[in-house]
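# what's the 3D shape of this:
(one chain, ligands or ions: 1)
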Amino acid sequence: MKKILLFASGSGSNVRTILQNFYEQPGVSFPAIITNNKHAGVIEIARAAGLDVMVVNKENFYSEVFIDVIDMMNPDLLVLAGFLWKVPDYLVQTYQGKIINIHPALLPKFGGKGMYGHHVHEAVIAAGETESGITIHLVNEHYDEGTILLQKKVDVLDSDTPETLAKKVLKLEHEWYSKVIATLLNS
Ligand code: GRF
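Model prediction:
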């Protein structure tokens, strides 16, 4: 059994899509969803899917003893889907090459601290970019800097607003994140 540990802070549309895509897939399970936000929409999605939800506070998450909690679940892959806190070094080092993130732009542009959600799309449009997209990457000790596993592009049109661009990018995320996860689980 391959175990995917999900981390999310927001509305959870990626989590929902991942759960749908892996629903009833033999050999894949989700031991829990970890969130830092007790009001996150993803909690409802996780509960509806019958998954355990773990709400962590900063003190616990950044304390090395939290590794015991993660280790107990014995995950094969740690999947960040809109998780806003930086992953602590102890976790990156213990699960080297097994933590992935999705970013709603073409890294290395428009990444780093503070570059999340609408901030990303606003910056892309303000910079006059003609294309944006998604980046799925390994997580290392620095925000949005780990090895890139996959990028997919969308055109940025003159008529695009941060909202329309966000929709196009999110569609790509839903299309590709589960595929990359499946590839990693099988490798
Ligand atoms: C996505 O745009 C993802 O790229 C970013 O956070 C957002 C999460 O959206 N890391 P959702 O909560 O999955 O709807």
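# Show me what residue of this protein gets nearest to the ligand.
Closest to the ligand within the chain is residue 82: 2.6 Å, counting by C-beta to the nearest ligand atom. Yep, even glycine has a C-beta here, placed from its N, CA and C like the rest.
# That residue in helix, strand or coil?
On the three-state scheme (DSSP: H, G, I helix; E, B strand; the rest coil), residue 82 is labelled coil.
# again, but for residue 135
Three-state call for residue 135 (three-state DSSP): strand.
# Walking through this structure, point out its strands one by one.
Residue ranges of the strands in the chain, as given by DSSP state E, are 2-7, 28-29, 33-35, 53-55, 77-80, 99-103, 131-138, 148-155.
# Is there proximity between the fifth one and the ligand?
No: applying C-beta under 6 Å from any ligand atom, one finds strand 77-80 out of contact with the ligand, separated by at least 6.9 Å.
# Check which helices and strands that strand is in contact with.
Here strand 77-80 touches strand 2-7, strand 99-103, helix 162-186, going by 3 or more C-beta pairs under 8 Å, 6 or more residues apart in numbering; DSSP states H and E.
# who are the neighbours in contact with the nearest residue to residue 95 once chain neighbours are set aside?
Spatially, and ignoring its direct neighbours in sequence, residue 95 is nearest to residue 78 (5.7 Å; C-beta to C-beta, 6 or more residues apart in numbering). Residues near residue 78 by C-beta atoms under 8 Å, 6 or more residues apart in numbering: 4-5, 7, 70, 91, 95, 98-100, 139.
# go with 7 Å
5, 7, 95, 98-99 (C-beta atoms under 7 Å, 6 or more residues apart in numbering).
# How much space separates the residue sitting nearest the centre point of the chain from residue 30?
Of all residues in the chain, the one closest to the mean position by C-alpha atoms, centre = their mean is residue 81, 2.3 Å from it. Counting by C-beta to C-beta, to the nearest Å, the gap from residue 81 to residue 30 is 12 Å.
# Scan the contacts of residue 78 and report the most crowded one.
Using other C-beta atoms under 10 Å as the neighbour test, the contacts of residue 78 are led by residue 7, with 27 neighbours.
# Is it bridged to anything, and to what?
Per DSSP bridges, the residues bridged to residue 7 are residue 34, residue 80.
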